[in-house]
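**Q** Generate coordinates for the sequence data below:
(2 chains)
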Number of protein chains: 2
Amino acid sequence: MEKRKKLVELGLKVLNDIKNKKNPTIELPVRTLSNIYFDEKRRLIKIGNKFAKRSYLNIAFSRKFMQTLLVAAEAKKIIDEGVRISIRDLYYALKHTIGDTKENTFEEQSESDPIIEDLEAMLNLLREELNLNADRKGYMAGNIVLRDAGYEIDCSKMGSSGWAIPSNVEKDVIKFVKNEAEYVLVIEKDAVWQRLNEDKFWEKNNCIILTGKGQPARGARRLIHRLHHELKLPIYVLTDADPWGYYIYSVIKQGSINLSFLSERLGTPEAKFIGLTVDDVKEFGISKNVTIKLNENDRKRVKELMGYIWFKPREWQKELKEMLRVGYKLELEALSSKGIRFITKTYLPHKIENKEFLP
Amino acid sequence: MEKRKKLVELGLKVLNDIKNKKNPTIELPVRTLSNIYFDEKRRLIKIGNKFAKRSYLNIAFSRKFMQTLLVAAEAKKIIDEGVRISIRDLYYALKHTIGDTKENTFEEQSESDPIIEDLEAMLNLLREELNLNADRKGYMAGNIVLRDAGYEIDCSKMGSSGWAIPSNVEKDVIKFVKNEAEYVLVIEKDAVWQRLNEDKFWEKNNCIILTGKGQPARGARRLIHRLHHELKLPIYVLTDADPWGYYIYSVIKQGSINLSFLSERLGTPEAKFIGLTVDDVKEFGISKNVTIKLNENDRKRVKELMGYIWFKPREWQKELKEMLRVGYKLELEALSSKGIRFITKTYLPHKIENKEFLP
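**A** Predicted coordinates for the structure are as follows:
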C-alpha cells in the first residue's frame, strides 16, 4: 500500500537520523501565503516549492516534531488495523501526559488538525487516505450506480433523500459502476436540490444533481473532481447571485488557499458557472421585489473577489461590477416568485441549452 | 384528504364571516410561555388551551391576518398541485407588493416562518403535512427496510453513508416495510455514528443507529417518534456528558418549548439516556486528561437544567450536581483514548446489557 509505505519511510528517515547521531529532522512544504500561487496554465491554486525543516533538537520545533510523529504513527496504526476514525478521535486517542512531566502531547484539537494537513502536504496524501474522516454533508441523485463499501447504490432509486455523500470518496471505498448521466449540476442549496429531486429533474434531463449544502465539504469536492475526471462529465454550478455563492463556485473550480496543496485532487478547473447572475433579473423578468439590497459586507466582499486573479476573466469582472452597480443580490429561491417549477421548467433548460455560462 | 379539508374549512369560515358582514376572524392557540406547561402524566411539554383571536378589521392584526390567509392559500395550492416546497420558497412565492400600495406582503422570511407555525398549531398539522420542507440532517443504518417515495431502501445496505433522513418522514412518504432491529441507538454526533457504522455495530447488536448531527431536525425527531410508537422499539440516546448533550436528550424525549404544540408528534417520553455521564469517568477508568473543564457558560446552563421540571427526577438532579462538583464535562470521542473500539466493544454493550440508563 503506497500510503503505508510513505508513513514507514517517514519513520525510517527519523530512525536513521538518530542512528547516525544526526538531529532528527523532517522537511515539509511551507503552507503560508508566501508559498501559494495561481497556476495560470492548470488554472488551479497551488503550493510552491519552498520547504521548511522541522527538527527535534530545536526548541522552537520539538513540540511540533513530536506531534507530527505521533500523528503519523497513529495513522499507520489505524491503517494496519483497517479502521477509520474521525480527526477528533485522533486527537483524543493521542492526548496524554508525557511520562512524569506535566506536558500534554496535545492541548486542543486545533493543535492536531494542522499537523494532519502538514502530513497531507508532506506525503501528498489526502487525510481520507490516512483513514481519517471529518465532517460530511451533501447529497446526490441521478442516473449513476456506485459501489460504496461493497454495497451497490443506485442513485436513481434513493427516493426523497438522495445518496448522502460520505467523508471519504476515494476509489477504494466509492467505485463508479455504471453511469448514464450526461452532466453534473452542482447546486449550492439543499432546499433547491430537494425541489429539483422532487421534480425528477435528473431523470428528465439525464443528469446528476448534487448539493454540497453551502460550501461543499472535502468529500463533495473530491467527488465532483472524480465525476469530471474519470467519467468526463461536464460540471455546471448553480449558486445564489452573491459573492458567497461565487466564492463557492471558485473553490469547486480552482481549489482554496487553505488547501492549496490539495487543489490537484479537489479542484475541477473545467467547471462552468450556470447562474444566478445579476443579469438574470432582467433576462427572466424577475421582480425587483425579491432581490436583496447589498450590505456593506457584501460590497466589500465583491471588491475582494474582483482582486482575485481567478476572477480576472472579463465576464466575471463584468458580473461583479454589475452587481455593485445595481446594488442587489439574488437568492436561488427567489426564482419561486415566478412559479414553483420555473427553475426546473424554464430557467435551467434555457441556460443549459443555450450554454449561457460564465467561465 | 384531511389536511386539505382543514385548509378549506379555514377559508370557508372567513368567507362566511364576510358574507354575514362580520369582522373576519380566526382563532389560534397562544404560543407564548404563559400557555405552555409540562404534562406530568404524559411527560411532554404541551401547549395549553388559551386561544387568541386574529381579526381583519383590527389594525394591530390585519397584516398578520392577511399573511395567515396567504400562507394557508399557498399550502392548499401546492397540496392540490402535489408539489413540495421549502419554507424559503414559500416566502418568495408569496412576497409581492400589494396592488398600488407600497406595502409588501412579507418583508423577511422571519415573518412567514412563524405564520407557518401558527397554522400548524391552529390546524394540528405538521408543516410537512402542508407540503413544506425545511432543513434536514441526520443519518440512519440498521436492520430495517423502508419505502421512500416508492423506492425500497434497505438500511442495512447503505454502505458508509447510511440513509439520509429527509425533511418529511410522514407516513405518506416514508413507510416501514420490514423491521428486525430490537432497539434504536440515537447518537448525538455524526463522527461517532460513522465509527459505529464502520464497526457494523447495528449488525452485531441487531439495532438501528441514528444520528441527528447535534440537535436533531424535526424530521429526525419525528422518525424517532414513529420508530418507537409504530414499531415499539426502545430508544436509547447517547450524547456528550455536558448540558448541551443533556438538552438534546430532553428535546427528543419531551419536546421543546418552541414547538410545544407538536410534542405529541415529535416527543418520545419513553426514551432513555445511555450516557455519557460524569460517573463514566470513574466507572470506565477514563483519564482525567481527556475531560474538559466546565466554563462559566456550562455552569450556568447546568444550573438552568436543574430548574427544569423535566430534569427533576432524582437521578438527573444527582448527575447535574455531580457535574458541578467535579467541574468537568466529557465528549463522546474522549472514549477513543481507551482505544478506538472501546465504545463499540466495551462501553455500549456494558451499558445496554446492564440497563444502566438515566430516566
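**Q** can we go C-alpha only for contacts and neighbour counts from here?
**A** Will do.
**Q** got the domain boundaries for chain A?
**A** Here the domain parsing of chain A from automatic domain parsing is A:2-133, A:139-353.
**Q** Mean neighbour count, the ones you listed: which tops it?
**A** domain A:139-353 (a mean of 19; mean count of other Cα atoms under 10 Å in any protein chain shown).
**Q** Could you tell me the end-to-end distance of stretch A:249-269?
**A** 10 Å (Cα to Cα, to the nearest Å).
**Q** mean confidence score for it?
**A** In this model, stretch A:249-269 carries a mean pLDDT of 95.
**Q** Make JSON lines from the domains of chain A and add distance to chain B to it.
**A** What follows is those, written out as JSON lines (distance: least, Cα to the nearest Cα, whole Å):
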{"stretch": "domain A:2-133", "distance to chain B": "4"}
{"stretch": "domain A:139-353", "distance to chain B": "4"}
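**Q** Which parts of the stretch 1-150 of chain A are helices?
**A** Using DSSP state H, counting those that start in this stretch, the helices of the stretch 1-150 of chain A run over A:2-19, A:62-81, A:87-94, A:109-123.
**Q** Can you check what angle separates the longest one from helix A:109-123?
**A** Read that as helix A:62-81. 70 degrees (axes from the mean of the first three to the mean of the last three Cα atoms, to 10 degrees).
**Q** What is helix A:62-81 packed up against?
**A** Taking 3 or more Cα pairs under 8 Å, 6 or more residues apart in numbering or on different chains; DSSP states H and E as contact, the helices and strands that helix A:62-81 lies on are helix A:2-19, strand A:51-55, helix A:87-94, helix A:109-123.
**Q** Those: which one's closest to B:K232?
**A** helix A:87-94 (33.4 Å; Cα to Cα).
**Q** now for that closest one, which elements pack on it?
**A** helix A:62-81, helix A:109-123.
**Q** what does it rub up against?
**A** A:70-71, A:74, A:105-106, A:108-109, A:112-113, A:132-134, B:290, B:333-340 (Cα atoms under 8 Å, 6 or more residues apart in numbering or on different chains).
**Q** coming back round to it: between the helices and strands packed on helix A:62-81, which one is closest to B:D240.
**A** It's helix A:87-94; of the helices and strands packed on helix A:62-81, that one is closest to B:D240 (Cα to Cα) at 13.3 Å.
**Q** starting at the chain centroid, how far to the closest one?
**A** Relative to the centre of its chain, helix A:87-94 is centred 22 Å away, using Cα atoms, centre = their mean, to the nearest Å.
**Q** Taking helix A:62-81 as reference, get the angle to that helix.
**A** 110 degrees.
**Q** Now the residue nearest to A:Y328 when sequence neighbours are not counted. Its backbone dihedrals?
**A** Sequence neighbours aside, A:K293 is the residue nearest to A:Y328 in space, at 4.3 Å (criterion: Cα to Cα, 6 or more residues apart in numbering or on different chains). When read as degrees, to the nearest 10, the backbone of A:K293 gives phi -60, psi 130.
**Q** Tabulate the helices and strands packed on helix A:62-81 (TSV), appending mean pLDDT.
**A** Formatted as TSV, the helices and strands packed on helix A:62-81 follow (pLDDT from 0 to 100):
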stretch	mean pLDDT
helix A:2-19	95
strand A:51-55	94
helix A:87-94	95
helix A:109-123	95
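**Q** right, so of these, which gets closest to B:K21?
**A** Of the helices and strands packed on helix A:62-81, nearest to B:K21 by Cα to Cα is helix A:87-94, at 65.9 Å.
**Q** is it true that A:D135 touches A:P216?
**A** No. Judged on Cα atoms under 8 Å, A:D135 makes no contact with A:P216 at a distance of 10.2 Å.
**Q** In the stretch 101-250 of chain A, what residue spans correspond to strands?
**A** Ranges of strands within the stretch 101-250 of chain A are A:132-133, A:139-142, A:144-148, A:151-154, A:163-164, A:174-179, A:184-187, A:208-211, A:235-238, based on DSSP state E, counting those that start in this stretch.
**Q** circling back: need the domains of chain A in TSV (columns: distance to B:I208).
**A** Shown next, in TSV, are the domains of chain A (distance: least, Cα to Cα, whole Å):
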stretch	distance to B:I208
domain A:2-133	20
domain A:139-353	17
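**Q** on that earlier part again, how close does the residue nearest to A:Y328 sit to A:D279?
**A** A:K293 is 15 Å from A:D279, by Cα to Cα.
**Q** hang on, the earlier thing: per-residue pLDDT, the residue nearest to A:Y328?
**A** On the pLDDT scale, A:K293 gets 96.
**Q** What residues does it make contact with?
**A** So A:K293 contacts A:327-329 (Cα under 8 Å, 6+ apart).
**Q** Serialize those to TSV and add fields for pLDDT and secondary structure.
**A** Shown next, in TSV, are the contacts of A:K293 (pLDDT from 0 to 100; DSSP: H, G, I helix; E, B strand; the rest coil):
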residue	pLDDT	secondary structure
A:G327	97	coil
A:Y328	97	strand
A:K329	97	strand
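**Q** and A:I208, what is it in contact with?
**A** Under the criterion of Cα under 8 Å, 6+ apart, the neighbours of A:I208 are A:140-144, A:181-185, A:202.
**Q** what's the most distant pair in the residues you listed?
**A** So, these by Cα to Cα: farthest apart are A:M140 and A:E182, at 14.6 Å.
**Q** For A:K64, see how far away A:W202 is.
**A** According to Cα to Cα, A:W202 stands 48 Å off from A:K64.
**Q** whoops, I mixed them up, A:E296
**A** For A:E296 relative to A:K64 (Cα to Cα), the value is 40 Å.
**Q** same check, this time on A:E128
**A** For A:E128, the distance to A:K64 - Cα to Cα - is 22 Å.
**Q** same deal with A:D190?
**A** 40 Å.
**Q** What does the residue nearest to A:N289 when sequence neighbours are not counted show for phi and psi?
**A** Leaving aside its sequence neighbours, A:N289 sits nearest to B:H96 (Cα to Cα, 6+ apart; 6.5 Å). B:H96 adopts backbone torsions of phi -160, psi 170, taken as degrees, to the nearest 10.
**Q** repeat for the one 3 residues further on
**A** Reported as degrees, to the nearest 10, the phi and psi values for B:G99 are phi 50, psi -130.
**Q** residues touching A:L330, list them.
**A** A:240-242, A:276, A:278, A:290-292.
**Q** partners of it in the sheet?
**A** Listed by DSSP bridges, the beta-bridge partners for A:L330 are A:A241.
**Q** Next, work out how far apart the closest residue to A:P313 other than its chain neighbours and chain B are.
**A** Spatial nearest neighbour of A:P313, chain neighbours left out: A:P359 (7.6 Å); criterion: Cα to Cα, 6+ apart. Distance check for A:P359 against chain B: by Cα to the nearest Cα, to the nearest Å, it reads 28 Å.
**Q** confidence score at A:P359?
**A** At A:P359, pLDDT is 96.
**Q** Next one: it from A:H228, what distance?
**A** 16 Å.
**Q** So A:I274 belongs to a helix, correct?
**A** No. Secondary structure assignment (DSSP: H, G, I helix; E, B strand; the rest coil) places A:I274 in strand, not in a helix.
**Q** wait, isn't it in contact with A:E353?
**A** No. The pair A:I274 / A:E353 is not scored as a contact, 11.1 Å apart, by Cα under 8 Å.
**Q** which neighbours do these two share?
**A** Joint contacts of A:I274 and A:E353 (Cα under 8 Å, 6+ apart) do not exist.
**Q** if we can go back for a sec, tabulate the helices and strands packed on helix A:87-94 (TSV), appending distance to A:L12.
**A** Formatted as TSV, the helices and strands packed on helix A:87-94 follow (distance: least, Cα to Cα, whole Å):
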stretch	distance to A:L12
helix A:62-81	11
helix A:109-123	14
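**Q** how about those helices, which one is nearest B:I79?
**A** helix A:109-123 (47.8 Å).
**Q** That closest one - contacts with which helices or strands?
**A** Using 3+ Cα pairs under 8 Å, 6+ apart: helix A:109-123 touches strand A:25-29, helix A:62-81, helix A:87-94.
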